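*Asks:* let me see the structure of the following:
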Amino acid sequence: MTKLLILDQVPTQLDQTSFGGLPVKTIGTHIDWPICENCQGAMQYLGKVKTDLGLELIFMCSQDPGMCDDWDADGGGNTVLIIDNTNALEHFQPAESENTLRETEYSAKIIEDQHLDYAESRQQWSGKKREILGQLSGQAEWIQNDETPECDCCQQPMRFIAQLEEGPDHRTSMNFGGAGSAYLFDCPQGKTAKFLWQC
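*Replies:* From the prediction side, this is the model:
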């Protein structure tokens, strides 16, 4: 069984998986906007994925695409923040808007497909291919080699959470090298997460 993430036109709820728009935080808390370790520029917010750890917020540098190791889980060009208290949420803004926010915002619904792997589910999908935003859990369908990252706290392979596609609109899609896929992993023990992409 494959859990497909499918484009949903229903307005985005703060505590659900969505892409684009503004990130969220627990009301009353402060979160510094993530900065790229390579260029020191503010990262772009890509979206959030709901997991059993809370909401995993994905950020990636887009200041100078291809120059900040934004594809590497440990390269400093991307990061994942985990919001574990999702009972009372609010949006938060970057200090600067250029290159930090995407123009589009869309939510995702989960469709359980009878096919066992993501590639077959994508191929058999009856709707438009750009409606497929990725998959949850299951097995990563690597474009290149298996690059499952290790957790920094326990040095064990991290848990696969989601595989993401670039998005439904080519003009405002997430930049995974052009027709690439991204991969989200986390560690329940350390409550940490990592992100990478391949093309």
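*Asks:* tell me the contacts of the residue nearest to the spatial centre of the chain?
*Replies:* The centroid of the chain falls nearest to Ile58 when counting by C-alpha atoms, centre = their mean (4.7 Å). With contacts defined as C-beta atoms under 8 Å, 6 or more residues apart in numbering, the neighbours of Ile58 are Tyr45, Leu46, Gly47, Lys48, Val49, Asn78, Val80, Ala182, Leu184, Phe195. Glycine gets a C-beta too; all of them are placed from N, C-alpha and C.
*Asks:* where's the second one relative to Leu164, distance?
*Replies:* According to C-beta to C-beta, to the nearest Å, Leu46 stands 8 Å off from Leu164.
*Asks:* what ranges do the helices span in this structure?
*Replies:* 118-124 (DSSP state H).
*Asks:* any low-confidence regions in it?
*Replies:* The chain contains no residues with pLDDT under 70.
*Asks:* residues near the residue nearest to Ile143 when sequence neighbours are not counted, how many?
*Replies:* Once flanking residues are discounted, Ile143 sits nearest to Gln198: 4.3 Å by C-beta to C-beta, 6 or more residues apart in numbering. By other C-beta atoms under 10 Å, the residues close to Gln198 number 16.
*Asks:* same check on Trp125?
*Replies:* Count around Trp125 with other C-beta under 10 Å applied: 16.
*Asks:* you'd agree it is up against Ala119?
*Replies:* No - judged on C-beta atoms under 8 Å, Trp125 makes no contact with Ala119 at a distance of 11.0 Å.
*Asks:* residues touching the closest residue to Ile111 other than its chain neighbours, list them.
*Replies:* Computed as C-beta to C-beta, 6+ apart, the closest residue to Ile111 that is not its neighbour in sequence is Leu4, at 4.6 Å. If you count contacts by C-beta under 8 Å, 6+ apart, Leu4 has them with Ile110, Ile111, Glu112, Asp113, Tyr118, Ser121, Arg122, Trp125, Ile132, Gly134, Gln135.
*Asks:* roughly how far apart are Leu4 and Leu184?
*Replies:* 15 Å.
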